[in-house]
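>>> quick one, fold the following:
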Amino acid sequence: MSVGLKVRAFAAVLALSASGLLFIKSNESTENIPYLDSVGIPTVCTGHTGRVDMSRYYTDKECNELLAKDTHWAVVAVQRGVTVALYQSQFDALVDFCFQYGARACRTSTLFRLVNRGEDRLAAEQFARWKFAQGRDCSIRKNNCYGVAARNKDRRALFLSDLP
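Alright, predicted model coming up:
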């Protein structure tokens, strides 16, 4: 949840807040040793999936640098893809969404379309639709990817937290 004055600002001028970064960190494990995530993608540090060298250890400094780069492109994706004013909590939730699913998925999503039409409550319902990983329904615990569905539920709550 955001702290302070609850005002809307255009996405192009917003930045990821400290609480938004904490939200991302709380939903990603931080591992200095590379591993395969729940869908088999090489991952290291705080959810970093690009160019992971599975044979080496990553320092805390390297992990922090990767997180800064990874959140930067997600911030840019929201700044460029959202044309309406948002509350900080909405911006943070959308950055987390892009961080998890990628810039292209954000730009082409119904979620972004609804946000840009000002239909915040309908947009928030879209988070639940992103519940599949390699054809598995992650809202079903036995499919071993329930964290995806749980994160979307938390992301929805964050997105709605400042709405009147």
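>>> can you pull up the most central residue in this structure?
Centroid-nearest residue in the chain, with Cα atoms, centre = their mean: Asp96, separated by 1.6 Å.
>>> so which elements touch the helix or strand containing it?
Asp96 belongs to helix 88-101 when assigned by DSSP states H and E. Counting contacts by 3 or more Cβ pairs under 8 Å, 6 or more residues apart in numbering; DSSP states H and E, helix 88-101 packs against helix 18-27, helix 60-81, helix 103-108, helix 110-116, helix 146-160. Yep, even glycine has a C-beta here, placed from its N, CA and C like the rest.
>>> pull the distance from that helix to the chain's centre.
Chain-centre distance of helix 88-101: 4 Å, with Cα atoms, centre = their mean, to the nearest Å.
>>> that one vs helix 60-81, what angle?
Interaxial angle, helix 88-101 versus helix 60-81 (axes from the mean of the first three to the mean of the last three Cα atoms, to 10 degrees): 110 degrees.
>>> use 16 as the first number for this chain going forward.
In the new count, where the first residue is 16, that last one comes out as helix 103-116.
>>> need the residues that contact helix 103-116.
The set of residues external to helix 103-116 that reach it, using Cβ atoms under 8 Å, 6 or more residues apart in numbering, is 16-17, 24, 26, 29, 31-32, 34-35, 38-39, 42, 62, 85-86, 88-90, 92-93, 97, 101, 120-121, 124, 126-127, 130, 135, 142, 145, 166, 170-171, 173-174, 176-177.
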